[in-house]
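Engineer: Below: sequence and its predicted model.
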Amino acid sequence: MIDKPFLNNIIKEPYKISKLDFNYISQILRKAEEIFKEEKLLLEFNLDDSESEVWVIGDIHGNLETLQRLIEIIDEKKPEFVIFLGDIVDRGTNQLECLILVLALKIRYPNRYYLLKGNHETLEMNKAYGFFQEFKYRFNDQKKFDEVLAVYNVLPFCALVNKGILCLHGGIPEDIAILRKLRGLKPRDIVSVFKTIAKSLVQIMWNDPKSDLKGFSESFRGPGIKSFGEDVFNDFMKEYSLKYLIRAHEVFPEGYRWFFNERLLSIFSSANYLGKFSPNPASYAVIKNNLVKPKLIK
């Protein structure tokens, strides 16, 4: 039974997650799926109080040490909302623990913690970068992975804070009307409009900003994925009267990077992601009083 004491216990000591029987993992996955099903694909948050904070967290990639440190700081500072930008698993040493910990936080505090879909919340990437194999090896049945996919399939794609700050995993898509198309939709509604928005959803998860670019151009990441320049970024921001965009998806040696006249902030929340020979600090973003500030985790 995944009651409050059980959730509190694994949130406090997430290394215990690796010892859990699949029955408990399954209950967490299914309960999280139920909650995400009822959320909108474009989340909208409005803060009444100028002192309230929203924290935005980038890629975790199985780095439980950094994730635990983040949760310690969150417990101390108590932001009103916490938005994970996706890419919780793949590559790191504690992928299952990170995913189940984030979902346990969501179940325990559904109105504080939110999770967006990144490009690694997909079967293709989990097969290419390790989480699928780890899961199959651990539970001895790849069919059980369908329960993970069921969670991925109901995750939101974007979050809008105070109508002026957009959070997503990758970048802006070519279709400038995408936020209007997403607004008000729940996961069950996506089937009816999927053909018209599928390409944009892929680009939201995968696209990258490039400082020296005009318009959209092909990306090294693969077909249909784009890099975008400041001109189309400014058009998109103007279309929705946005002040900032916060995204993740890329690691930088300095931990975070500003683009486009400090209106696009790129964060990454897994420390030393490429190993000790190419170190990076983990970063996150704090939204307060309609301003965005990057922070490094010491």
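Structural biologist: On my side now, so go ahead. Computed from a prediction, not measured in an experiment: that's the story for all the values here.

Engineer: Could you pull up the contacting residues of Y284?
Structural biologist: Contacts of Y284 were listed using Cβ atoms under 8 Å, 6 or more residues apart in numbering, and they are 55-58, 70, 267, 269, 294-295, 297. Every C-beta, even on glycine, is put in place using the N, C-alpha and C of the backbone.

Engineer: swap the cut-off to 10 Å and go again
Structural biologist: 55-58, 66, 70, 73-74, 82-85, 246, 248, 255-256, 267-269, 293-297 (Cβ atoms under 10 Å, 6 or more residues apart in numbering).

Engineer: Kindly state the beta-bridge partners for the spatially closest residue to it that is not a sequence neighbour.
Structural biologist: Using Cβ to Cβ, 6 or more residues apart in numbering and skipping the chain neighbours, the partner closest in space to Y284 is I57 (5.0 Å). For I57, the beta-bridge partners under DSSP bridges are F84, Y284.

Engineer: Burial check on I57, number of neighbours?
Structural biologist: By other Cβ atoms under 10 Å, the residues close to I57 number 28.

Engineer: ok, now which ones touch it?
Structural biologist: 66-67, 70-71, 74, 82-86, 88, 102, 113, 115, 167, 248, 267-269, 282-285.

Engineer: Mind checking which of those residues are in helices?
Structural biologist: 66-67, 70-71, 74, 102 (DSSP state H).

Engineer: Would you format those residues as a markdown table with pLDDT, neighbour count and distance to V193 included?
Structural biologist: Shown next, in a markdown table, are the ones in helices among the contacts of I57 (pLDDT from 0 to 100; neighbours: other Cβ atoms under 10 Å; distance: Cβ to Cβ, whole Å):
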| residue | pLDDT | neighbour count | distance to V193 |
| --- | --- | --- | --- |
| T66 | 97 | 23 | 36 |
| L67 | 98 | 26 | 34 |
| L70 | 97 | 20 | 34 |
| I71 | 98 | 19 | 36 |
| I74 | 98 | 17 | 35 |
| V102 | 98 | 21 | 28 |
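
Engineer: Nearest to Y109 among those?
Structural biologist: Using Cβ to Cβ, I74 comes nearest to Y109 of those, at 10.0 Å.

Engineer: buried set for stretch 174-190?
Structural biologist: Within stretch 174-190, the residues that qualify as buried are 174-175, 178-179, 182, 185, 187, 190, counting by 16 or more other Cβ atoms under 10 Å.

Engineer: Can you show me the strands along the stretch 51-200 of the chain?
Structural biologist: Here the stretch 51-200 of the chain has its strands, by DSSP state E, counting those that start in this stretch, at 53-57, 81-84, 113-115, 158-161, 165-168.

Engineer: Quick check on H61: phi, psi?
Structural biologist: phi 50, psi 50 (degrees, to the nearest 10).

Engineer: got the contact list for it?
Structural biologist: Contacts of H61 by Cβ under 10 Å, 6+ apart are 67, 87-95, 98, 118, 120, 129-131, 251, 268-270, 273.

Engineer: got it, and L265?
Structural biologist: 56, 58, 165, 167, 244-248, 256-259, 283, 285, 292-294.

Engineer: before we move on, what about D235?
Structural biologist: 172, 176, 215.

Engineer: would you list the residues you listed in CSV and tack on distance to F36 and pLDDT?
Structural biologist: Below are the contacts of D235 laid out as CSV (distance: Cβ to Cβ, whole Å; pLDDT from 0 to 100):
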residue, distance to F36, pLDDT
I172, 23, 98
I176, 27, 98
G215, 34, 98
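
Engineer: of the residues you listed, closest to I107?
Structural biologist: Using Cβ to Cβ, the contacts of D235 come closest to I107 at I172, 31.4 Å.

Engineer: The closest one touches V232, doesn't it?
Structural biologist: Yes. Judged on Cβ atoms under 10 Å, I172 makes contact with V232 at a distance of 7.0 Å.

Engineer: where do the contact lists of those two overlap?
Structural biologist: 209, 216, 226.

Engineer: Restricted to strands, list these.
Structural biologist: Among the shared contacts of I172 and V232, the members found in strands (DSSP state E) are 209, 216, 226.

Engineer: With distance to E147 and pLDDT added, can I get the residues you listed in a markdown table?
Structural biologist: Below are those laid out as a markdown table (distance: Cβ to Cβ, whole Å; pLDDT from 0 to 100):
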| residue | distance to E147 | pLDDT |
| --- | --- | --- |
| P209 | 35 | 98 |
| F216 | 36 | 98 |
| K226 | 32 | 98 |
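
Engineer: Please list all residues in contact with R183.
Structural biologist: 40-42, 44, 158, 160.

Engineer: okay, now the spatially closest residue to I107 that is not a sequence neighbour: neighbour count?
Structural biologist: Computed as Cβ to Cβ, 6+ apart, the closest residue to I107 that is not its neighbour in sequence is K31, at 5.2 Å. The local packing of K31 (other Cβ under 10 Å) involves 18 other residues.
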